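A.B. asks: Attaching a predicted model along with its sequence, questions to come.
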Amino acid sequence: MDYALLMSNFAKRAAGRKLTQQNLLYESLRQAIIDGDLRHGTQLVPTRALAEQLDIARNSALYAYERLTEEGFITTSRHGSVVNRVAFPAAIDPRGGGAPASGLSKRVSSLPRERGRPDDPTPFRPGVPALDEFPVAQWRASVERAWRTIDAYELGYGDSAGHPALRRAVAEYVRVSRGVRCTADQVFITPGTQTGLDLCARLLADPGDIAWVENPGYHGAKAAFHTAGLRLVPIPVDGSGIAPTPRDWRDAPPRIVYTTPSHQYPLGCVLSLERRRALMENAIAAGAWIIEDDYDSELRHSGPPLPAIQGLTADAPVVYLGTYSKTMFPALRMGFMIVPAHLVRQIDEALSEIARQGRVAEQVALADFIDSGKYARHLRRMRRLYQQRRVALVRAIDRQMSDLVTLSVDGGGMHLTVRLDAPLKDRDVSQALRGHGLFAAPLSAYCMPGTGASRYNGFMLGYAGVPAEKADALIARFARVIRGMLPRERARQDDASRVLSVDPA
């Protein structure tokens with residue numbers, strides 16, 4: 001197989017998309033497997049040889065193989081990486097009987113979709129940290145130390161709950177920083193929040209059970225619950241977070257309540273302490289589980305964060321999820337799930353059957369990074385940087401398009417939201433912006449169908465990866481696109497207004 005030709009051909013098919021080398025390689029291999037060009041049983045070239053052949057970083061090859069492994073396209077062992085048999089027939093007549101044309105179950109094919117890709121580097125992409133500011137040298141030192149301490153025994157299949165050193169480090173850190181009540185035994189290491197959500201959906205509920213989701217809310221949670229066969233009930237969000245009514249508790253009692261209390265995704269509000277207590281009390285009365293996705297809790301720009309819901313009472317019916325994709329870097333693929341003490345044995349037994357831990361060096365390295373204080377120092381530095389970038393973005397918006405949008409008031413995390421005041425639909429503007437090299441996630445896309453998405457006509461703008469000195473130019477481009485879409489008469493009025501408001505000095 002000529003991998004360079006494979007990537008070149010796929011790049012032509014993907015013309016117009018901005019793909020990094022690692023994602024181009026991953027998607028090229030994935031498509032070749034789906035198309036049957038890489039058949040079941042084919043042994044792939046080792047990552048080191050592949051990187052040399054393609055003149056790319058070995059980490060890019062490792063990333064591609066790891067994603068293919070996670071998605072079940074290949075199996076990786078000490079003997080190499082081999083293509084699995086996958087259920088993607090080369091051709092099915094959509095007019096005939098038998099298997100559906102999509103080749104997927106109805107539950108999967110009807111999953112909510114989010115436009116764009118999370119690894120797209122386009123400006124304003126939410127959830128993307130300032131990767132160029134990550135302390136690579138310090139992380140490399142932790143990884144090298146980890147490899148010096150690992151013995152042969154640890155190269156086998158690890159504990160399904162994760163490496164003991166990392167479980168201990170996580171437990172100690174969240175107890176101090178977030179007020180979480182836990183021991184190391186309650187911590188389970190995962191490849192990220194999405195895996196934690198999938199596990200919660202499968203282990204805590206049965207098909208047909210009700211799962212409450214924030215509306216608007218995170219697509220990944222809806223996808224996990226939908227795929228597990230749960231019934232999704234959207235619960236509105238206001239300025240104080242998720243806002244269930246007594247009628248919701250009475251008429252649609254949940255088995256699972258999913259919430260992002262520290263920095264609601266996507267609106268950015270913080271769940272008030274009063275709401276946290278009420279949610280806990282009602283969940284206990286209803287026999288429901290709360291899944292607390294503590295999104296962006298470490299990145300508040302002013303004042304300490306409210307304590308985690310999990311820590312409000314002993315033996316709380318809360319599963320606490322965290323990830324290092326935002327505070328470290330996405331390719332690390334490391335997160336954690338903290339479960340109540342009485343569930344530890346059952347969760348441990350279930351995971352031993354359905355999951356296998358790997359990446360022992362990265363887990364040991366992350367434990368070292370946390371224990372040595374480097375993680376805390378990195379977070380402090382990122383908070384300062386993100387605050388500067390947020391201020392620069394807010395000022396640019398105020399200067400250049402305050403007549404077109406209204407800013408949200410939240411002050412934390414890695415993104416802010418704006419309401420679109422112009423007579424346009426956020427999805428249409430978002431599509432137009434993509435053609436000008438900008439990404440603005442439309443807020444209406446985060447609402448479930450038929451739940452008043454028109455009330456959320458605006459955008460989520462990520463600023464973590466936008467240097468302060470570039471904010472003005474990018475927002476100027478943003479404003480030009482919106483004004484270019486306005487009816488001609490409104491556009492002329494806006495231009496005249498902007499001319500009259502210029503300071504003659």
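C.D. replies: Received, thanks.
A.B. asks: residue contacts, the residue nearest the centre of the chain?
C.D. replies: Residue closest to the average C-alpha location in the chain (CA atoms, centre = their mean): Gly127, at 6.4 Å. Shown in contact with Gly127 (CB atoms under 8 Å, 6 or more residues apart in numbering): Pro118, Ser325, Lys326, Met414, His415, Gly462. (Glycine included, C-beta is placed from N, CA and C.)
A.B. asks: again, but for His342
C.D. replies: Asp315 are the contacts of His342 under CB under 8 Å, 6+ apart.
A.B. asks: how about a cut-off of 10 Å?
C.D. replies: Shown in contact with His342 (CB atoms under 10 Å, 6 or more residues apart in numbering): Gln186, Asp315.
A.B. asks: That one and Ser408: what is the separation?
C.D. replies: To Ser408, His342 is 39 Å away according to CB to CB, to the nearest Å.
A.B. asks: With Thr417 as the reference, measure out to Pro317.
C.D. replies: 30 Å.
A.B. asks: With neighbour numbers in mind, choose between the two.
C.D. replies: Neighbours were counted for Pro317 and for Thr417 using other CB atoms under 10 Å; Thr417 has more, 24 against 18.
A.B. asks: Counting neighbours, which bits of the longest helix seen in the chain end up buried?
C.D. replies: For the chain, the helix reaching the highest residue count under DSSP state H is reported as helix 374-401. Residues of helix 374-401 classed as buried by neighbour count (16 or more other CB atoms under 10 Å): 374-375, 378, 382-383, 385-387, 389-390, 392-394, 396-397, 400-401.
A.B. asks: rewinding a little: and the contacts of Gly127, which of them are in strands?
C.D. replies: Using DSSP state E, the subset of the contacts of Gly127 located in strands is His415, Gly462.
A.B. asks: Pull the most distant pair out of the contacts of Gly127.
C.D. replies: Ser325 and His415 (14.2 Å; CB to CB).
A.B. asks: between the two, who's got more neighbours?
C.D. replies: Counting neighbours by other CB under 10 Å for Ser325 and for His415 shows that His415 has the greater number, 27 against 21.
A.B. asks: List the neighbouring strands of the strand or helix carrying Ala211 plus their orientation.
C.D. replies: Applying DSSP states H and E as the criterion places Ala211 in strand 210-215. Using DSSP bridges, the neighbouring strands of strand 210-215 in the sheet come out as strand 231-238 (parallel), strand 256-259 (parallel).
A.B. asks: Convert the C-alpha atoms of it to CSV, please.
C.D. replies: What follows is strand 210-215, C-alpha atoms only, in CSV (Å, rounded to 0.1, in the frame of the first residue of the first chain):
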residue,chain,number,x,y,z
ILE,A,210,-35.6,8.9,31.0
ALA,A,211,-32.5,11.1,30.8
TRP,A,212,-32.8,14.8,31.4
VAL,A,213,-30.5,16.9,29.2
GLU,A,214,-29.9,20.7,29.3
ASN,A,215,-31.5,22.6,26.5
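A.B. asks: Can you name the next helix or strand after it?
C.D. replies: helix 219-227.
A.B. asks: State the mean pLDDT of that next one.
C.D. replies: Averaging pLDDT along helix 219-227 gives 92.
A.B. asks: what's the angle from that helix to strand 210-215?
C.D. replies: 160 degrees (axes from the mean of the first three to the mean of the last three CA atoms, to 10 degrees).
A.B. asks: For helix 219-227, list every residue counted as buried.
C.D. replies: For helix 219-227, by 16+ other CB under 10 Å, it's His219, Gly220, Ala221, Lys222, Ala223, Ala224, Phe225, His226, Thr227.
A.B. asks: From Glu214, how far out is the third one?
C.D. replies: Taking CB to CB as the measure, Ala221 and Glu214 are separated by 8 Å.
A.B. asks: Which positions within the strand or helix carrying Gln346 qualify as buried?
C.D. replies: Counting by DSSP H and E, the element that carries Gln346 is helix 344-354. If you call a residue buried by 16+ other CB under 10 Å, then helix 344-354 has these buried ones: Val344, Ile347, Leu351.
A.B. asks: can you give me the helices in the stretch 151-300 of the chain?
C.D. replies: Applying DSSP state H, counting those that start in this stretch to the stretch 151-300 of the chain gives helices spanning 164-178, 193-203, 219-227, 246-251, 273-286.
A.B. asks: And this protein, split by domain according to the record?
C.D. replies: 3-103, 136-372, 378-500 (automatic domain parsing).
A.B. asks: on that earlier part again, what is in contact with Ala221 and Glu214 at once?
C.D. replies: With CB under 10 Å, 6+ apart as the test, Ala221 and Glu214 both reach Tyr258, Thr259, Thr260, Tyr265, Asp293.
A.B. asks: Tabulate these in TSV, adding columns for neighbour count and pLDDT.
C.D. replies: Below are the shared contacts of Ala221 and Glu214 laid out as TSV (neighbours: other CB atoms under 10 Å; pLDDT from 0 to 100):
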residue	neighbour count	pLDDT
Tyr258	29	97
Thr259	30	97
Thr260	28	95
Tyr265	25	92
Asp293	28	95
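A.B. asks: Which single one of those residues is nearest to Val429?
C.D. replies: Closest to Val429, out of all of the shared contacts of Ala221 and Glu214 and judged by CB to CB, is Tyr265, at 20.6 Å.
A.B. asks: who touches the closest one in this structure?
C.D. replies: Per CB under 10 Å, 6+ apart, neighbours of Tyr265: 126-127, 214, 216-221, 237, 259, 293, 295-296, 413, 415, 446, 460.
A.B. asks: By mean pLDDT, point me to the weakest helix or strand of the chain.
C.D. replies: helix 106-109 (a mean of 48; mean pLDDT, DSSP states H and E).
A.B. asks: and the helix or strand following it, how far from the chain's centre?
C.D. replies: Note on helix 106-109: by DSSP H and E, the next helix or strand toward the C-terminus is helix 136-149. For helix 136-149, the separation from the chain centroid amounts to 26 Å (computed by CA atoms, centre = their mean, to the nearest Å).
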